[in-house]
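Peer 1: Coordinates for the following, if possible.
(one chain, ligands or ions: 2)
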Amino acid sequence: MDKLSTKIFRNEFVNTFDGAQTEKNQPRQTPGVLYSLVKPTAVRKPELVAWSDELAATLQIQKPDEQDINILSGNLTTPSMSPYAACYAGHQFGNWAGQLGDGRAITLGEWTSQTAPAYELQLKGAGPTPYSRRGDGRAVFRSSLREYLMSEAMFHLGVPTTRALSLVLTGDQVMRDLFYDGNSAYEKGAIVMRAAPSFLRFGNFEMLTSREEITQLKKLTNWTIDQFFPDIKGENKTIQWFEDIVEKTASLIVEWTRVGFVHGVMNTDNMSILGLTIDYGPFSFLDDYDPEFTPNTTDLPGRRYAFGNQAGIAYWNLGCLASAIAPLFKDTIELSAALENYKPVYFSKYYGMMARKLGLDNYRETDKDLIEAIEKMLVQLKADMTIFYQLLITLPPATTDPELISVHFAPSFYTIPEESSGKYLVNTIQQYQKRISLNQISYKESQELMKANNPRFILRNYLLHQAIQEFEKGEPALFLKLQQAIKTPYSTDHDEFFVRRPEWANDQPGSSALSCSS
Ligand code: AMP
Ligand code: MG
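Peer 2: Ligands and ions are numbered 1, 2, ... in the order given. I've put the predicted structure just below:
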């Protein structure tokens with residue numbers, strides 16, 4: 001176990017690449033460099049609100065004392081750290097946005113341990129950097145609590161994600177226009193310490209190419225492969241690397257689909273090169289199953305980042321990455337082929353996942369119709385995704401009686417189904433039962449498969465909303481309960497939360513719809 005305030009940090013990224021050394025935080029363009037050194041700006045009164053024991057154990061980090069809390073709030077940096085903000089660019093909502101960069105995230109250094117790979121430790125909300133543009137470099141408590149809990153929740157669900165080590169209230173106030181309607185107000189400021197082997201994004205590579213800094217692009221690519229893809233070696237490693245990113249990105253989207261997660265802002269600067277869920281903003285789980293649902297109010301006109309679009313957007317984003325690394329290839333034939341391979345890779349993973357979710361022994365070509373029928377049925381019935389799949393696990397074998405089927409699934413419906421939808425439910429479940437009867441595994445094994453692939457507890461937005469409201473009134477009880485519940489999402493331990501989204505949350509801002517103001 002090591003202490004944050006006495007640890008010798010590694011600074012491999014900073015030592016390898018060119019960066020701006022001035023430590024000035026005035027917003028500016030920084031051509032020719034991959035980062036700018038910048039110190040966190042001190043806060044008034046740091047208060048530790050949450051600490052991830054699991055991540056601390058993985059990384060062998062000692063529980064923080066007062067001195068360590070100063071590190072978690074940006075009030076203290078130690079001599080072995082080289083704090084920096086990374087410079088990256090990206091496509092936002094389909095348009096080239098130019099230089100973006102860490103506008104409010106500052107990496108302190110890389111934490112090494114005997115038990116895990118090196119992890120970047122990064123403060124989000126630690127004050128202005130050269131990439132803050134018009135922002136203040138800060139984060140509000142509500143969005144920080146969301147990122148802290150949700151990234152840990154995703155980890156426990158088994159979805160690839162960046163992690164969160166701590167959540168600190170800064171004691172400072174931050175001005176935000178929550179609804180983008182001209183009514184700004186002060187909110188509590190907070191800082192999350194995030195951790196990941198790397199926070200590199202597609203946008204880091206796009207930036208170098210857009211600036212025609214191809215020598216740096218080559219160097220960053222080779223370094224990324226050596227550091228994070230050590231199995232890839234030899235002459236063809238760049239194409240193998242891209243193939244691996246295609247695979248990891250496809251897996252990520254399939255995992256989001258499995259648990260019903262909508263990211264909300266899949267811009268290329270929010271796409272991790274390691275295939276992790278990164279930059280938690282206006283995300284949401286699905287309550288009622290709706291492929292057109294986007295939690296992001298900024299996304300509402302086009303619903304570009306809606307649940308059902310995520311697989312297609314990932315492909316589009318991979319296309320941006322392919323364009324960015326194209327200068328590293330003699331011709332683009334292999335690169336195009338690797339990009340086009342996304343579709344078969346994605347679908348093979350998707351159908352495999354759906355088969356497990358449904359408790360099928362394996363995926364057979366003929367199961368495609370059943371999977372499509374179930375999806376269509378969930379939309380028609382306005383069924384709660386999580387509750388529906390839990391009820392599927394407990395559906396008694398060989399139930400084909402229409403009345404029994406309707407009664408069994410009723411707890412998952414947000415509205416009473418019309419007659420035609422009710423009939424569709426019965427038909428689809430009968431079709432499902434027929435397929436289950438062909439399973440080469442036992443009923444028990446099929447149930448276990450479903451239990452392992454269908455979460456029973458999900459961190460619904462209304463719960464987060466309620467936890468934030470209560471916490472701000474000085475009542476942390478719900479927050480503490482949720483902090484426990486995220487740890488065992490596949491168990492029945494937290495069935496007090498096994499209910500549909502309550503009606504009050506339907507149109508509640510911050511609960512069903514979220515702005516990017518954070
Ligand atoms: P996001 O969509 O949240 O990933 O943010 C897009 C860009 O805006 C990134 O470069 C962020 O660092 C930057 N940004 C977001 N909020 C702030 C803020 N309060 N201050 C400075 N930069 C910010
Ligand atoms: Mg971002």
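Peer 1: residues in contact with the residue of the stretch 301-450 of the chain found nearest ligand 1?
Peer 2: Nearest residue of the stretch 301-450 of the chain to ligand 1: Tyr305, at 11.0 Å (CB to the nearest ligand atom). All C-beta atoms are positioned from the backbone trio N, CA, C, and that covers glycine. By CB atoms under 8 Å, 6 or more residues apart in numbering, the contact set of Tyr305 is 262-266, 294, 296, 299, 313.
Peer 1: run the last query once more with 7 Å
Peer 2: 263-266, 294, 296, 299, 313 (CB atoms under 7 Å, 6 or more residues apart in numbering).
Peer 1: Is Val192 part of a helix or strand, or is it coil?
Peer 2: Using DSSP: H, G, I helix; E, B strand; the rest coil, the structure places Val192 in strand.
Peer 1: Do a quick rundown of the strands in the chain.
Peer 2: Here the chain has its strands, by DSSP state E, at 19-20, 35-37, 47-51, 84-86, 89-92, 95-99, 105-111, 119-124, 139-140, 163-176, 185-196, 261-262, 284-285.
Peer 1: how about those in TSV, adding mean pLDDT?
Peer 2: Rendered in TSV, the data for these read as follows (pLDDT from 0 to 100):
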stretch	mean pLDDT
strand 19-20	98
strand 35-37	98
strand 47-51	98
strand 84-86	98
strand 89-92	98
strand 95-99	98
strand 105-111	98
strand 119-124	98
strand 139-140	98
strand 163-176	98
strand 185-196	97
strand 261-262	98
strand 284-285	98
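Peer 1: Make CSV out of those and add distance to ligand 1.
Peer 2: Formatted as CSV, the strands of the chain follow (distance: least, CB to the nearest ligand atom, whole Å):
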stretch, distance to ligand 1
strand 19-20, 16
strand 35-37, 13
strand 47-51, 19
strand 84-86, 8
strand 89-92, 7
strand 95-99, 8
strand 105-111, 6
strand 119-124, 9
strand 139-140, 7
strand 163-176, 8
strand 185-196, 10
strand 261-262, 15
strand 284-285, 15
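Peer 1: among these, which is the most enclosed?
Peer 2: Among the strands of the chain, ranked by average contacts under mean count of other CB atoms under 10 Å, first place goes to strand 84-86 (a mean of 28).
Peer 1: got a list of contacts for it?
Peer 2: By CB under 7 Å, 6+ apart, strand 84-86 touches 14, 19, 34-38, 101-102, 105-107, 129-131, 199, 204.
Peer 1: Same check on stretch 403-413?
Peer 2: 381-384, 387-388, 391, 395, 399, 422, 425-426, 429.
Peer 1: Filter the residues you listed down to the buried ones, ChimeraX style.
Peer 2: Buried subset of those, written as a ChimeraX selection, criterion 16 or more other CB atoms under 10 Å:
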select :381,382,383,384,387,388,391,395,422,425,426,429
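Peer 1: Of the contacts of stretch 403-413, which one scores lowest on pLDDT?
Peer 2: Lowest model confidence among these falls on Thr399, which carries 88.
Peer 1: Which members of the contacts of stretch 403-413 are the farthest-apart pair?
Peer 2: Comparing every pair within the contacts of stretch 403-413 by CB to CB identifies Lys382 and Thr399 as the most remote, at 21.9 Å.
Peer 1: remind me, longest helix of this protein?
Peer 2: If you go by DSSP state H, the chain has its longest helix at helix 237-259.
Peer 1: What lies in contact with that one?
Peer 2: Helix 237-259 is contacted by residues 157, 159-160, 221, 225, 229, 232, 263, 273-275, 277, 310-311, 314, 318, 321-322, 325, 328, 334-335, 338-339, 341-342, 345-346, 349-350, 353, 357, 453, 455, 458 when judged by CB under 7 Å, 6+ apart.
Peer 1: before we move on, back to that, between the contacts of Tyr305, which sits nearest ligand 1?
Peer 2: Distance to ligand 1 across those (CB to the nearest ligand atom) is lowest for Val265, with 4.9 Å.
Peer 1: Output stretch 285-296 in PDB with nothing but the alpha carbons.
Peer 2: What follows is stretch 285-296, C-alpha atoms only, in PDB (Å, rounded to 0.1, in the frame of the first residue of the first chain):
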ATOM      1  CA  PHE A 285     -29.900   3.800 -18.500                       C
ATOM      2  CA  LEU A 286     -33.000   2.900 -20.400                       C
ATOM      3  CA  ASP A 287     -36.100   2.600 -18.300                       C
ATOM      4  CA  ASP A 288     -38.800   1.800 -20.900                       C
ATOM      5  CA  TYR A 289     -37.100   0.200 -23.900                       C
ATOM      6  CA  ASP A 290     -36.800   2.900 -26.600                       C
ATOM      7  CA  PRO A 291     -34.100   2.800 -29.200                       C
ATOM      8  CA  GLU A 292     -34.800   6.500 -30.000                       C
ATOM      9  CA  PHE A 293     -34.200   7.600 -26.400                       C
ATOM     10  CA  THR A 294     -31.400  10.200 -25.900                       C
ATOM     11  CA  PRO A 295     -30.900  11.600 -22.400                       C
ATOM     12  CA  ASN A 296     -29.000  14.600 -23.800                       C
END
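Peer 1: quick one: contacts for Val262?
Peer 2: 283-284, 286, 293-295, 307.
Peer 1: how about the nearest residue to it, chain neighbours excluded?
Peer 2: Excluding its sequence neighbours, the residue lying closest to Val262 (CB to CB, 6 or more residues apart in numbering) is Phe307, at 4.6 Å.
Peer 1: Wait, the one you found touches Asp287, no?
Peer 2: No - when contacts are counted by CB atoms under 7 Å, Phe307 is not listed as touching Asp287 (11.2 Å).
Peer 1: Please tell me the pLDDT value assigned to the single nearest residue of the stretch 251-400 of the chain relative to ligand 1.
Peer 2: Closest to ligand 1 within the stretch 251-400 of the chain is Asp279: 4.4 Å, counting by CB to the nearest ligand atom. We have a pLDDT of 98 for Asp279.
Peer 1: unless I'm mixing things up, it is touching Thr268, no?
Peer 2: No - if you go by CB under 7 Å, Asp279 and Thr268 don't touch, sitting 11.4 Å apart.
Peer 1: For those two, indicate the residue with more neighbours.
Peer 2: Thr268 (28 against 23; other CB atoms under 10 Å).
Peer 1: Contacts only, for the more buried one.
Peer 2: Contacts of Thr268 (CB under 7 Å, 6+ apart): 90-91, 202-203, 206, 317, 320.
Peer 1: What distance do you get for it to ligand 2?
Peer 2: According to CB to the ion, to the nearest Å, Thr268 and ligand 2 sit 10 Å apart.
Peer 1: Ok, Ile273 next?
Peer 2: 14 Å.
Peer 1: so what's that residue closest to, chain neighbours aside?
Peer 2: Nearest to Ile273 is Leu200, by CB to CB, 6+ apart, at 4.4 Å.
Peer 1: Hmm, the one you found is touching Ile225, no?
Peer 2: No - contact criterion CB under 7 Å: Leu200 and Ile225 do not qualify, at 11.5 Å.
Peer 1: Counting neighbours, what do you get for the closest residue to Lys423 other than its chain neighbours?
Peer 2: Spatial nearest neighbour of Lys423, excluding adjacent residues (CB to CB, 6+ apart): Pro402 at 8.0 Å. Counted with other CB under 10 Å, the neighbours of Pro402 add up to 15.
Peer 1: Brilliant, that's me finished.
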